[in-house]
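Asker: Can you look at this prediction? I've put the sequence above it.
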Amino acid sequence: MIKKVFIDSDVILDVATGRTPFVKDSQRVLSIIETGKATGLISANSVTNIYYILSKISTPEKSVLFIKNILKFISVISIDHDGVLKAIDSKFTDFEDGVQNYCALKNQCDFIVTRNIKDYKFSELTVLEPKEFLLLFN
């Protein structure tokens, strides 16, 4: 069965910026999504954060092109009022990660893939680093 995977923006930014030593594993994660072995999801606010960061280090045009390309195989899911309230009342120390967590939960994701595992220690979902996620497909 194809798993639904919430991709944290750090994984996408690793690929967009070529961040070493993380880029190779992050590229492989996105490749699994692109080939349909898993369904990749990101939140709407991840898209705006990715654009903001990329446009600061590149051009707005290149940033939009990168986002258009990843949206060919990753779906955007919405954040709702209830999820934001749950994040506010949660034990998450990073508010944005709390919002991402409740967005992934609401959309019935099986995993969150991130390099910031510690930020998701209160998640009810299975949270994996890219290397760990890749082991599921070997």
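Answerer: Nice, thanks for sending it over. Numbering: from 1, shown residues only.
Asker: and the helix or strand encompassing Val15, average pLDDT?
Answerer: Assigned by DSSP states H and E, Val15 falls within helix 9-17. In this model, helix 9-17 has an average pLDDT of 96.
Asker: can you pull the buried residues of that helix?
Answerer: Within helix 9-17, the residues that qualify as buried by neighbour count (16 or more other CB atoms under 10 Å) are 9-16. Just so you know, the C-beta spots here come from the backbone N, C-alpha and C atoms, and that holds for glycine as well.
Asker: Turn those residues into CSV, including distance to Glu129.
Answerer: Formatted as CSV, the buried residues of helix 9-17 follow (distance: CB to CB, whole Å):
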residue, distance to Glu129
Ser9, 15
Asp10, 10
Val11, 9
Ile12, 15
Leu13, 15
Asp14, 11
Val15, 15
Ala16, 18
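Asker: quick one: which of the residues you listed is nearest Ile88?
Answerer: Nearest to Ile88 among the buried residues of helix 9-17, counting by CB to CB, is Ser9 at 20.2 Å.
Asker: and that closest one, what does it touch?
Answerer: 42, 46, 49-50 (CB atoms under 8 Å, 6 or more residues apart in numbering).
Asker: burial of Lys121, as a residue count?
Answerer: When counting by other CB atoms under 10 Å, one arrives at 11 neighbours for Lys121.
Asker: Now it: phi and psi?
Answerer: phi -60, psi -20 (degrees, to the nearest 10).
Asker: ok, which stretches of the protein are helices?
Answerer: Assigned by DSSP state H, the helices in the chain fall at 9-17, 23-34, 44-57, 60-70, 81-89, 95-106, 130-135.
Asker: circling back to that earlier point, from the contacts of Ser9, which is closest to Phe95?
Answerer: For the contacts of Ser9, the nearest to Phe95 is Asn49 (12.9 Å; CB to CB).
Asker: Okay then, goodbye and thanks.
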